[in-house]
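> build me a model from this:
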Amino acid sequence: MIEPRLHESRAMRIAYWIGGSVALALGIAGVFLPVLPTTPFVLVAAFCYSRASVKLHAKLLGHRLFGPLIREWHESRTIPPRAKLAGLTLMAVSFSWSIYVLRDRPWLQASLLLLGVVLATWLARIPSRRGVGPAAARGRGPAPPD
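Next up, the predicted model:
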C-alpha cells in the first residue's frame, strides 16, 4: 500500500494541500475537457496529499476512478492502455482543431504542432501493462504477470 509521509512543517503541509487541491481540480476538469490531461494532474494531487493529509490521501486512493490509476503508477510506473489511447486521441483532436482555428497564424500553428508532437511522444513512451487496473481489480482482466 502507498504510505503517506507527512511533511514536518505545518506551512508546507498547507502548501501541499493547496497544490494537491488545484491539481485535483484540474484533473477533474480534464475528465470533461479534452485539452487537459487527467492522469498527470491526479498523480500530482496524490503526491501532494501524501505530504499534506493522511485522510485526503486515503480518500483519493479509495476513489473508484482515480484510485486504480494512482496505485498502478505507484506500483509499476505504467498507465492503463485505455487511458493512454484516450489521451492520445483527445490530444490529436484538440491540437488538430486548434491548428485549424489558427490557420492564418503559421507560427502559432507550428508551435502547437511541435508541442503536440512532444506531448504525444512523451505519453506514448510511458509503458502500459495489460492485466493491471480497474478491470483486473474487479476480476475481469487477466492476472498480472509475476
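> the longest helix along the chain - contacts with which helices or strands?
Ordering each helix of the chain by length in residues (DSSP state H) puts helix 10-32 first. Secondary-structure packing of helix 10-32 (3 or more C-beta pairs under 8 Å, 6 or more residues apart in numbering; DSSP states H and E): helix 38-52, helix 54-61. Any C-beta I mention is one placed from the backbone N, CA and C, and that applies to glycine too.
> and the ones you listed, which is most packed in?
helix 38-52 (a mean of 22; mean count of other C-beta atoms under 10 Å).
> what's the angle between that helix and helix 54-61?
160 degrees (axes from the mean of the first three to the mean of the last three C-alpha atoms, to 10 degrees).
> what's helix 38-52 in contact with?
2, 4-7, 12-14, 16-17, 19-21, 23-24, 26-28, 30-31, 56-57, 60-61, 66, 69-70, 73-74, 79, 83, 87 (C-beta atoms under 8 Å, 6 or more residues apart in numbering).
> centre of the chain versus it, how much separation?
9 Å (C-alpha atoms, centre = their mean, to the nearest Å).
> please apply the same query to stretch 81-100.
The chain centroid and the centroid of stretch 81-100 are separated by 14 Å, computed with C-alpha atoms, centre = their mean.
> so which of the helices and strands packed on helix 10-32 comes closest to Ser128?
With C-beta to C-beta, the closest approach to Ser128 among the helices and strands packed on helix 10-32 belongs to helix 38-52: 11.8 Å.
> if we can go back for a sec, which residues are contacting the longest helix of the chain?
In contact with helix 10-32 (C-beta under 8 Å, 6+ apart) are residues 6-7, 36-42, 44-49, 51-53, 56, 60, 66.
> which residues touch Leu69?
Contacts of Leu69 (C-beta under 8 Å, 6+ apart): Thr39, Val42, Leu43, Ile79, Pro80, Ala83, Gly133.
> ignore the last one, Ala120
Leu88, Met91, Ala92.
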